[in-house]
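> next comes the sequence, and after it the predicted model I'd like to discuss.
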Amino acid sequence: MKKVSFKTCKRCLYDSNHPLGLIIDNEGICSGCRIHEEKDSIDWDERWNKLVELVKPYKSKDSRNYDCIVPVTGAGDSFYILHNVKNKLGLNPLLVTYNRYYNTPLGIHNLATLRRNFNCDILTMNVNPTSVKKIIKTTLRRLKSFQWPALAGQSVFPVQTAVTHKIPLIIWGAHQGLEQVGMFSHLHDVEMTRRYRKDHDLMGYEPDDLLQVYDSLNEEDIWQYRYPSEAKIESIGIRGIYLGNYIRWDPLMQHKEMIKKFDYKSSKLNRTFDTFDHVDDWFYMNMHDIIKQKKHGFSKVTDHACREIRHKRISREDARNLIKYYSQMPSLYNQLFCDWLGIENGSINFILDSLKIRNPNEKNKKSKIITIDMKKIGFKANSSIVRNIGEKLINVGKGYP
Ligand SMILES: [Zn+2]
């Protein structure tokens, strides 16, 4: 077997084989950590004022259209984004959400709370389940991923809506490439692109690339995921901006504030200490996380731990222990996923077994006792997504009044 050579950052725990691309400098520090340093040197008041000026021309003059689009989910940064867009910038957003079908009751609850608190109009995209399942079967087999339709749907539905409703401004939270690996500086004002979506969100595959003569997918299954043409985007002047370029982005602090102000619900998760991320999805932090670990040699807990090292809330040693502990936790609810998709549990195991473990050091990791209390740092759960026996997936959920 060919030996894979890589360098690990001296500050965080990412290595030079990070799938988003990462550079380690002469001092042994990675580009993600270097760009993170900007968070403490940038004049954020000045950046905020720039944002205020940037969005001004998009305010509807006659109140007959929305000022912008905000993509939302029942987890993550949606509350914080909306708080800034609606309460601080004074914009009237149209919310859009793509239904991934793996909803936890907590995710449905959070989305309902969000709608009630922020009092916004919302559009939900429910692609027919037959096509979604067909695509998942194809992408599981070909890309070893079942999240492709979710990633494709949530990144394209806002752009399609912008075209249909002629709303040129889309406002996202943080840019993943900037936050994790320092792909851009905060000062580059990076905006949404079709290229980034294809290369990173969609693993290099546009919807049309999934159509093959010997496969079962047809035009009718994939057209909903197609990005609008350049001509359409240009004629309306659609752009997508990231709040992370204008606000000092810190998910833990933001979530604590959102819990206090707007009753955001968090939950303990099996494979990470972060209690806020992905609490709306049964499988993201389970089977998807195991696949990520097998494909790339690290799982979501490494992303969370590196972020916390950079914010100086945990040490590198604590991070290592957290990663060792959580990355050997099993994936829950595999049977539930197979039942919904209509496949044998054995075929999932076959796919998992076919994935080589990229980083050989990952193989023999043993559980470590964690001495650090993450609750003290702020990763508390004020609710729970534990599934009751026999409970089915909520495919379409309206929420709670
Ligand atoms: Zn680093």
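Perfect, I can see it now.

> what's the first helix or strand after the host helix or strand of residue 97?
Assigned by DSSP states H and E, residue 97 belongs to strand 93-98. Heading C-terminal from strand 93-98, the first helix or strand you meet, by DSSP H and E, is helix 105-118.

> report the buried residues of that following helix.
Using 16 or more other C-beta atoms under 10 Å as the test for burial, helix 105-118 gives 105-115, 117-118. (Each C-beta comes from the backbone N, C-alpha and C, glycine too.)

> in JSON lines: those, plus pLDDT and distance to residue 135.
Below are the buried residues of helix 105-118 laid out as JSON lines (pLDDT from 0 to 100; distance: C-beta to C-beta, whole Å):
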{"residue": "105", "pLDDT": "91", "distance to residue 135": "25"}
{"residue": "106", "pLDDT": "93", "distance to residue 135": "26"}
{"residue": "107", "pLDDT": "94", "distance to residue 135": "21"}
{"residue": "108", "pLDDT": "93", "distance to residue 135": "23"}
{"residue": "109", "pLDDT": "93", "distance to residue 135": "28"}
{"residue": "110", "pLDDT": "95", "distance to residue 135": "26"}
{"residue": "111", "pLDDT": "94", "distance to residue 135": "23"}
{"residue": "112", "pLDDT": "94", "distance to residue 135": "28"}
{"residue": "113", "pLDDT": "94", "distance to residue 135": "30"}
{"residue": "114", "pLDDT": "95", "distance to residue 135": "27"}
{"residue": "115", "pLDDT": "92", "distance to residue 135": "28"}
{"residue": "117", "pLDDT": "94", "distance to residue 135": "33"}
{"residue": "118", "pLDDT": "96", "distance to residue 135": "32"}
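
> nearest to residue 143 among those?
Using C-beta to C-beta, residue 107 is the member of these that lies nearest residue 143, at 24.4 Å.

> relative to residue 109, how far out is the residue nearest to the closest one when sequence neighbours are not counted?
Nearest non-adjacent residue to residue 107, counting by C-beta to C-beta, 6 or more residues apart in numbering: residue 280, 2.4 Å away. Applying C-beta to C-beta, to the nearest Å, the value for residue 280 to residue 109 is 9 Å.

> ok, now which residue in this protein is the farthest from the centroid?
residue 62 (34.7 Å; C-alpha atoms, centre = their mean).

> ok, whatever residue of the stretch 201-350 of the chain ends up closest to the ion - contacts?
At 6.6 Å from the ion, residue 306 is the closest residue in the stretch 201-350 of the chain, using C-beta to the ion. By C-beta atoms under 8 Å, 6 or more residues apart in numbering, the contact list for residue 306 reads 12-14, 32, 180, 319.

> of those, closest to the ion?
residue 12 (3.3 Å).

> the closest one in helix, strand or coil?
Taken by DSSP: H, G, I helix; E, B strand; the rest coil, the conformation at residue 12 corresponds to coil.

> verify the stated contact: it with residue 28.
No - in this structure residue 12 lies outside contact range of residue 28 using C-beta atoms under 8 Å: 11.0 Å.

> the longest helix in the protein is where?
Assignment by DSSP state H gives helix 148-164 as the longest helix of the chain.

> now the residue lying closest to residue 211 once chain neighbours are set aside: how far from residue 332?
Leaving aside its sequence neighbours, residue 211 sits nearest to residue 217 (C-beta to C-beta, 6+ apart; 5.8 Å). Separation of residue 217 from residue 332 (C-beta to C-beta) stands at 29 Å.

> please apply the same query to residue 392.
Using C-beta to C-beta, residue 392 is found at 15 Å from residue 332.

> so for the two, which residue has more residues nearby?
residue 332 (18 against 9; other C-beta atoms under 10 Å).

> in the lowest-mean-pLDDT helix or strand in the chain, what's buried?
In the chain, no helix or strand scores lower on mean pLDDT, DSSP states H and E than helix 345-354, which sits at a mean of 84. Applying a neighbour-count criterion of 16+ other C-beta under 10 Å, one finds 348, 351 buried in helix 345-354.

> residues in contact with it?
Helix 345-354 has contacts (C-beta under 8 Å, 6+ apart) with 140-141, 144, 287, 290-291, 294, 334-335, 337-338.

> pull out the buried residues from the residues you listed.
Buried subset of the contacts of helix 345-354 (neighbour count, 16+ other C-beta under 10 Å): 140, 287, 290-291, 294, 334, 337-338.

> from those, which two are the most distant?
Among the buried ones among the contacts of helix 345-354, 294 and 338 lie farthest apart (C-beta to C-beta), at 17.7 Å.

> quick one: secondary structure of the residue farthest from the centre of the chain?
When classified by three-state DSSP, residue 62 comes out as coil.

> great, nothing more from me.
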